[in-house]
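Student: sequence-free structure coming up:
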């Protein structure tokens, strides 16, 4: 079962990355950023929706502001590539420049954001499908969940990000957007540069207040998420590493800017208002291509690039969680690699969290947007502030203007973070502003715990050596049968003091058991107890407490529990529930060793 | 944590039921049946929706047909009470009269139906809330899930069904429905017995085909679910048991018929069409009471009675699963009682299944209806057929006319089952028609397995006795520390053959470990292995395979694994992931005993 879903195990050597050419790096590293075109401007329109057609033109200056922010961030990240050719994620940069706690802040912000990237991208991808096939609308949530599960299983199988198959969705999406823009402007020129539906620019509808404008801007900024991916992955480029990464980042900026501005302008020209059931891109495609082949091509390539964007979080989240686990900020389990060399726990945790977000927010992209991007812009701010400190310390050629660019970038990112937190607070940003500090506090607690445990476990090798102790074995039994015989044999093998323990719910049952025991004549002592509760746990605990008060109390009290090992997986549902419960409860009592004796069923 | 949520444990004696007076029995046992008024007629209207206003009058003859069916079923169940004063659920009657396999069929149908009762009642209850507060509409699914979780926790705490608090929602609902009907007819009389909105009766719109009529009838029959509850619970009535139960059932029939027919007629008079976002009851209340206090009273009492109806499945499902487990048709775990004497596993499984249904069907009552009621009417059919057989066998006074009533009831129920299965097949009934046979087949397989295991375990007490064997203990270690010392001490206590086993990922690490071991000088043999994979499982398995080929192979190979026991529950996330994995994998190898040695952390 697991083998079919997950595939054969892999060797550690297979982990070596192949270097990427620019042509391959662009689509693979920037699917997250480029795909944001599918929801970024739409999120801004959603905030303006209540003002009707009269408010539509305000989208344009907001889009212009976002493009300016984009240019600043691209310039900033060109410097990041230069400064950290080893690949400086925000976690690495912040840890490096401001110490582990700043790293923890950046890391926690990124973990939240990776989760939201999955939820937002998948829900937006499914929206592309339901826009084309409105019948599927009621199935939004199940379709989102299935998409996430498929991505999860593919990643547990150990997806290779460098696979060429990953290029095509991004190129198809870029191609379809560029064609849409070119055809859109061609139609527009024919129509004499405006349509009857084009709203008039003009005065601000008076119900559009400053807070509304800030919200629209903040929502639109979700189009900029993901542009840090190239700088994080610099070492994956071919030589000359820095030049190639920078050129790729410039292309990303150019394409993203063009696609964002182009679709935003066309959406305005066609007077498209926000509609929760049909995406703006879908309607833009529909007015320009009707429901012909190219319309469906646009919808499916949008879906594909968004799923690919969700997939990028599946390399980011588990790797970051593993790094943070290495630094003791996260549970060690994030460092365990699965059979296929993926960090399985990170992959599963990410999927679970994303599914929870999808269910809570009903698969609505625009309900998720207020939670999104805070983390991204917070980590942008930290990474660039760190970089400013680095320029000031190392003072390489041109550090002044490089520092100035990054200072400006950090400043703008910080402003967006604050605007986002304030303007979107009541719409859901408060959730992130509560969860983020909790996650940071938990990270600190985890680190403290691991350090304390490591200290406690350290021993003086000369003084402490293993040595044998006296033992007693208790075997809880429910009757006389083959399993009981096998468990008692095991008990006799490891100790000369063995007691069988029986719990009856009625007096009759106890008498019958005692008779049977005498008849079996094993030489092993039987202790019985009666339970008013229907559980055998309580009497057993009472009995164990008694043993501890015996004279010449043994050092190790061992409870031997049989465990049925079934031939078919479903049969496991039929057995062992009591032993599972016993093991869990007993382990939490001091100094009780639980030993599980397997009994293999033959059918 | 668990104690706060679940409460203190209870004694078995507390299980004794208090007998119920008629005044208390009616609301407690019939909340499921009476609350069906909230969705039954609406489900029929949903099927007629596409025909617009012209199709509305057809709802009336369909409602009349359902009332006739109701009368027949009430008459039939009066006989069931007479025949099985010990409380004959369909499972008991079918098992009793036609043998265990018929019982399994009835039981499986009921298990499916209990699950759907929870899903349908909760989603319909939440619809009453979202009808009053349309802003909450996007939160339908999360609100349904939270409701189910609250009911689950209350039942894990061991809710007493006989609690007086349970009377009020039902009486409040009956009261509000009766007031609604009286006020509705009062307004109607003032208006001269019809409104401008009242649709004309007349010809059948030609797109209403026979299949549409059958579907509307089948959907409307969901209003009859739950009427079997009183006959199942006959022994809970005060003496004279049979008389009291029969009188209560008559009252149930009267109230249900009145409420169903009254609201259906008023819905027609007001020309109310199906609207997925606002319930028919809500609009009926709104036109008669506007948005005054009584409107909200109706919505909240509808919500409360539906939640209570969902809760009745929480006594039915776990009890039936336990009965079926006793008869070996279901896993034994359904027989385990929790601390609070509820069948915890049944409660948790029911909640999980209901939540899955809610998520898949997006919390839409009318998407769930096609799956509902097949099981109910199938079990009605089986129970009444069984009864016919019983009358024919025992021949008490009046057995001929009693048998005739039950024959007619069984016949009608069978017809409804078939109509439902056929008419609703493509709308979702196919799911039940696949799941039900699978569940039955699984039940048979489970029984076969339990019987085979019981046979295999039986021993000849004279021949087989427990006896000690030679043992060897393997202790996987990751270094030298206090936990390793404690685990090795344990190993030395139970065997004189102990081997420490270390897996290194690099040659360096192995050399360092070997040096350290020599320095520790414990007299215990160390075996090391190198892993190309990052897992210690594979090398350990290879080593265990080698041991089995040793000369003088020991009878018991024991692997001792330390388990950290943390002081706080969240710390458990930080440890033991490797040992959990090891234990799971090792148990499935033949003849490896896994022993878990607890190490209690002090911070």
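Tutor: Received it, and whenever you're ready, just let me know what you need. Note that the structure is a prediction, hence the values are computed from the model and not measured.

Student: so residue A:594 belongs to a helix, correct?
Tutor: No: using DSSP: H, G, I helix; E, B strand; the rest coil, the secondary structure at residue A:594 is strand, not a helix.

Student: so where do the helices sit in the stretch 351-500 of chain A?
Tutor: A:365-368, A:374-394, A:399-423, A:429-457, A:482-494 (DSSP state H, counting those that start in this stretch).

Student: and the stretch 101-250 of chain A, which residues reach chain B?
Tutor: For the stretch 101-250 of chain A, the contact set with chain B under CB under 8 Å from any CB of the partner chain comprises A:138, A:139, A:140, A:141, A:142, A:145. (Each C-beta comes from the backbone N, C-alpha and C, glycine too.)

Student: any weak-confidence spans in the stretch 301-450 of chain A?
Tutor: Scanning the stretch 301-450 of chain A for pLDDT under 70 picks out the ranges A:338-342.

Student: show me what from it comes close to chain B.
Tutor: A:331-333, A:336-337, A:339, A:341, A:345, A:359-360, A:362, A:364, A:367, A:442, A:446, A:449-450.

Student: apply 6 Å and report the result again.
Tutor: A:331, A:333, A:337, A:360, A:362, A:449 (CB under 6 Å from any CB of the partner chain).

Student: farthest-separated two in those?
Tutor: A:362 and A:449 (36.8 Å; CB to CB).

Student: what about the residue of the stretch 301-450 of chain A found nearest chain B, how many residues close to it?
Tutor: Nearest residue of the stretch 301-450 of chain A to chain B, counting by CB to the nearest CB: residue A:333, 3.9 Å away. Using other CB atoms under 10 Å in any protein chain shown, residue A:333 has 22 neighbouring residues.

Student: how far away is it from residue B:478?
Tutor: Residue A:333 is 15 Å from residue B:478, where distance means CB to CB, to the nearest Å.

Student: outline the domain layout of chain A.
Tutor: Chain A breaks down into these domains under automatic domain parsing: A:19-449, A:471-600.

Student: lowest average pLDDT across these?
Tutor: Among these, domain A:471-600 has the lowest mean pLDDT, at a mean of 83.

Student: does it reach chain B?
Tutor: Yes: contact between domain A:471-600 and chain B, assessed by CB under 6 Å from any CB, occurs at A:471, A:481-483, A:485, A:488-489, A:492-494, A:520, A:522, A:532, A:534, A:556, A:571, A:573-574, A:577, A:587-588, A:590, A:593-598, A:600.

Student: start and end of that domain, how far apart?
Tutor: By CA to CA, to the nearest Å, the extent of domain A:471-600 from end to end equals 27 Å.

Student: quick one: distance of it to the chain centre.
Tutor: When distances are taken as CA atoms, centre = their mean, to the nearest Å, domain A:471-600 is centred 42 Å away from the chain's centroid.

Student: apart from its chain neighbours, what residue comes closest to residue A:267?
Tutor: Closest residue to residue A:267 apart from its sequence neighbours, by CB to CB, 6 or more residues apart in numbering or on different chains: residue A:280 at 5.3 Å.

Student: who touches that neighbour in this structure?
Tutor: A:42, A:267, A:272 (CB atoms under 6 Å, 6 or more residues apart in numbering or on different chains).

Student: rerun that using 7 Å as the cut-off
Tutor: A:41, A:42, A:45, A:267, A:272 (CB atoms under 7 Å, 6 or more residues apart in numbering or on different chains).

Student: closest to chain B out of the residues you listed?
Tutor: Using CB to the nearest CB, the contacts of residue A:280 come closest to chain B at residue A:42, 17.3 Å.

Student: just checking, the closest one touches residue A:276?
Tutor: No: using CB atoms under 7 Å, residue A:42 is not in contact with residue A:276, being 10.2 Å away.

Student: so for these two, which sits in the more crowded spot?
Tutor: For residue A:42 and residue A:276, the more surrounded residue by other CB under 10 Å is residue A:42, and the numbers stand at 28 against 14.

Student: element containing the more buried one?
Tutor: Applying DSSP states H and E as the criterion places residue A:42 in helix A:40-48.

Student: name all residues that make contact with residue A:589.
Tutor: Residues near residue A:589 by CB under 7 Å, 6+ apart: none.

Student: swap in 10 Å and give it another go.
Tutor: Counting by CB atoms under 10 Å, 6 or more residues apart in numbering or on different chains, residue A:589 touches A:541, A:544, A:545, A:548, A:557, A:559, B:565, B:598, B:600.

Student: which of those fall in strands?
Tutor: A:557, A:559, B:565, B:598, B:600 (DSSP state E).

Student: what's near enough to touch the third one?
Tutor: Meaning residue B:565. Here residue B:565 is in contact with A:587, A:588, A:589, A:590, B:571, B:572, B:575, B:576, B:598, B:599, B:600, B:601 (CB under 10 Å, 6+ apart).

Student: is it true that the first one touches residue B:583?
Tutor: So the one you mean is residue A:587. No: counting by CB atoms under 10 Å, residue A:587 does not reach residue B:583; the two are 11.4 Å apart.

Student: now the two most distant members of the ones in strands among the contacts of residue A:589.
Tutor: A:559 and B:600 (16.2 Å).

Student: so which residues of the stretch 501-603 of chain A form helices?
Tutor: Using DSSP H, counting those that start in this stretch, helices in the stretch 501-603 of chain A cover A:507-520, A:537-548, A:577-587.

Student: tell me which of these sits nearest to residue A:430.
Tutor: Of these, nearest to residue A:430 by CB to CB is helix A:577-587, at 37.0 Å.

Student: and the closest one, which residues are buried?
Tutor: By 16 or more other CB atoms under 10 Å in any protein chain shown, the buried positions in helix A:577-587 come out as A:577, A:578, A:579, A:581, A:582, A:583, A:585, A:586, A:587.

Student: what does stretch A:421-430 give?
Tutor: Under the neighbour-count rule (16+ other CB under 10 Å), stretch A:421-430 has A:421, A:423, A:424, A:427, A:428, A:429 buried.
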